[in-house]
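Visitor: heads up, no residue letters with this:
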């Protein structure tokens, strides 16, 4: 009975947190459209929400915790995320001011590591949002600020840039939801980072923030750094003591060295395929 009450006590605020984010995105979108703002920012925000929440839905349903399933789920997602960050986020940050973008990138990676390491102390507590969802939210807010500022100052830009920036939301939502599902936690907190891009982007577009390349470089670099850390964290780890090893031990009632070696090959192949999918999609859309 206590464990059931504990799960319920977590699920309720988690659902409320995600619901509040969705409602806020709806309100801001309505205000922006009523004020005659460019609909591209609103559209990009909702595409990001649909991609991440859709990926989260698939991750929530992929509840099989088998070692092979984990390797391919994490490998495809992390490969796509690393490639998206390297191709779309980092070049945009460097395009403003390279050195400041580098400082922002470094700060984002270090901040992601710090949040991950310190956040482990909270992993034993039943909180409504885990550290991965919190990191994704930080990245989404930073990216949303840039999208809102860029399109507010340069409305002639097409929607391709914004769509490229949020192209990683699907695999990110899938990987985050799968990890939450395997940990026995509700998937609802993923709605927060899913809506965060649109919330930040639409809010900034309403504020008429003047362009500042230095600030944009740091903020965009920070967003790229945080996301790169998250993407690297999702790379399938087949070493002893890791999540994949635990699944192998569970499936085979003990350590299976041969299977673990085979899964290392699957980890590499799945990651490469995940990155290749982003390349193919980018070429097909004419982004690169």
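Guide: Received, thanks. Everything quoted here is computed from the prediction, not taken from an experiment. Numbering: from 1, shown residues only.

Visitor: now do the spatially closest residue to residue 216 that is not a sequence neighbour against residue 183, distance only.
Guide: The shortest distance from residue 216 to any non-neighbouring residue, by CB to CB, 6 or more residues apart in numbering, is to residue 96 (4.7 Å). Backbone N, C-alpha and C define where each C-beta goes, glycine included. Computed as CB to CB, to the nearest Å, the residue 96 to residue 183 distance reads 38 Å.

Visitor: between these two, tell me which one has more neighbours.
Guide: residue 96 (22 against 12; other CB atoms under 10 Å).

Visitor: the more buried one: what's it in contact with?
Guide: Residue 96 sits next to 213-214, 216-217, 220 when contact means CB atoms under 8 Å, 6 or more residues apart in numbering.

Visitor: at 7 Å what do you get?
Guide: Counting by CB atoms under 7 Å, 6 or more residues apart in numbering, residue 96 touches 213, 216-217, 220.

Visitor: separation between it and residue 198?
Guide: 22 Å.

Visitor: just to revisit the earlier point, most neighbours out of the contacts of residue 96, which is it?
Guide: residue 220 (31 neighbours).

Visitor: thought that residue was touching residue 93?
Guide: Yes: between residue 220 and residue 93 there is a contact under CB atoms under 7 Å: 3.9 Å.

Visitor: what is in contact with the two at once?
Guide: Common neighbours of residue 220 and residue 93 (CB under 7 Å, 6+ apart) are 101, 104.

Visitor: how close does the residue nearest to residue 216 get to residue 90?
Guide: 12 Å.

Visitor: ok, now residue 262?
Guide: In terms of CB to CB, residue 262 sits 33 Å off from residue 90.

Visitor: please say which of those two ends up with more neighbours.
Guide: residue 90 (19 against 15).

Visitor: list the contacts of the closest residue to that one other than its chain neighbours.
Guide: With CB to CB, 6+ apart as the criterion, residue 90 has its nearest non-adjacent residue at 5.0 Å, and that residue is residue 224. Applying CB under 7 Å, 6+ apart to residue 224 gives the contacts 85, 89-90, 93, 105, 108.

Visitor: by neighbours, which of those residues wins?
Guide: Counting by other CB under 10 Å, top hit in the contacts of residue 224: residue 108 with 29 neighbours.

Visitor: residue 196 is in contact with residue 140, isn't it?
Guide: Yes: between residue 196 and residue 140 there is a contact under CB under 7 Å: 3.7 Å.

Visitor: tell me the spatial nearest neighbour of residue 180, not counting adjacent residues.
Guide: residue 187 (5.2 Å).

Visitor: who are the contact partners of that neighbour?
Guide: Here residue 187 is in contact with 56, 60, 177, 180-181 (CB under 7 Å, 6+ apart).
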